[in-house]
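Participant: Fold the following.
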Amino acid sequence: MVAAAVIIALICALVVALAVIATVKAVRTVKNGVDQAVTQARRTVEDTRLKARQYTQTGPAGEVAELRLSLRTSMRATQEVLREGLKDDPSLTESLALFDRLSAHGREVDDDLRQLESEPDRDRVTACLPDLRERTKQITHSADSLRFAAQDRARQFAGDELSLLSEQIRMETGALRHWEADAGPGAEPKAEPGTSPGRGSSRKGAGTDGAGAAGAGAAGSAARPERPAISGRDESRQWGYGWEKVKRRESPA
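Facilitator: The predicted model follows:
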């Protein structure tokens, strides 16, 4: 009894532990989903605000918004391409590591541009813009280079795979049509359906050997069993291939 009680207690503890683990995983999954949704919403709001400032404000303020928008767009697109490509191409690990280092500089420049948005001194904004413009251009150029290279690499691999697949299909097509290769210039033509190879010669000598042909016909009819006049099978219930229509019994008029 004591052993049974211990076993039951262990089973209950195991079930409780599994339930707790499952609950924690579910909570983490929901939390990650909520965090991603909030991050995406904030990103969309920020991009919309920058686009509005870019088209509604002129001078340094509009240029700052344009620089931030171009930086964010380029970095986001490159990150998505590299992370998606890494699933099929492990060699992009080094490229993603370089992009992470580049992202640190991108965040730094974005922070400096954000500070300029709230800077009341227009002269200071004008003085800081050339350096930030050059750094933004350098970062976006590097990010675009990584993205373009990864896209070209994926496109090249897809083209090579398609060429190999086309060659395999061509070889398989030739193997399926093997009779075209077997039929040479001196090959004998195939007999037509319903005829025998010696039918022409027997027809040619039919006038001279009528009695023999009649005897052969009688022997053939005697050897072949006669088909009954009425079949015992119901044609409306005979099953054929799946693509054939089943005959239906016509109702009397």
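
Participant: could you point out where the stretch 151-253 of the chain is predicted with low confidence?
Facilitator: 180-253 (pLDDT under 70).

Participant: cutoff 90 now
Facilitator: Across the stretch 151-253 of the chain, the ranges flagged by pLDDT under 90 are 157-158, 160, 174, 177-253.

Participant: The stretch 1-150 of the chain now?
Facilitator: Judged against pLDDT under 90, the low-scoring parts of the stretch 1-150 of the chain cover residues 1-65, 87-91, 115-127.

Participant: how does it look with 80?
Facilitator: Along the stretch 1-150 of the chain, the parts satisfying pLDDT under 80 run over 1-6, 26-47, 49-58.

Participant: Let me see the ranges of the helices in it.
Facilitator: Counting by DSSP state H, counting those that start in this stretch, the stretch 1-150 of the chain has helices at residues 2-56, 60-86, 93-117, 122-176.

Participant: Verify the stated contact: residue 143 with residue 78.
Facilitator: Yes - Residue 143 lies in contact with residue 78 (Cβ atoms under 8 Å); the separation is 4.3 Å. Where you see a C-beta, it was placed from the backbone N, CA and C, and this is true even at glycine.

Participant: Overlap of the contact sets of the two?
Facilitator: residue 99 (Cβ atoms under 8 Å, 6 or more residues apart in numbering).

Participant: Can you tell me which of the helices of the stretch 1-150 of the chain is packed in deepest?
Facilitator: Ranked by mean neighbour count under mean count of other Cβ atoms under 10 Å, the helices of the stretch 1-150 of the chain are led by helix 60-86, which reaches a mean of 18.

Participant: That one to helix 93-117, inter-axis angle?
Facilitator: Relative orientation of helix 60-86 and helix 93-117, computed by axes from the mean of the first three to the mean of the last three Cα atoms, to 10 degrees: 160 degrees.

Participant: For helix 60-86, name the packing helices and strands.
Facilitator: Here helix 60-86 touches helix 2-56, helix 93-117, helix 122-176, going by 3 or more Cβ pairs under 8 Å, 6 or more residues apart in numbering; DSSP states H and E.

Participant: which residues touch residue 70?
Facilitator: Contacts for residue 70 (Cβ under 8 Å, 6+ apart) come out as 136, 140.

Participant: Repeat the analysis, applying 10 Å as the threshold.
Facilitator: Residues in contact with residue 70, defined by Cβ atoms under 10 Å, 6 or more residues apart in numbering, are 50, 54, 136, 137, 139, 140.

Participant: the domain parsing of the chain - what is it?
Facilitator: Per automatic domain parsing, the domain ranges recorded for the chain read 1-56, 60-175.

Participant: And the longest one, end to end?
Facilitator: Using Cα to Cα, to the nearest Å, the span of domain 60-175 from its first residue to its last is 70 Å.

Participant: Can you give me every residue that contacts residue 14?
Facilitator: Residues counted as contacts of residue 14 (Cβ under 10 Å, 6+ apart): none.
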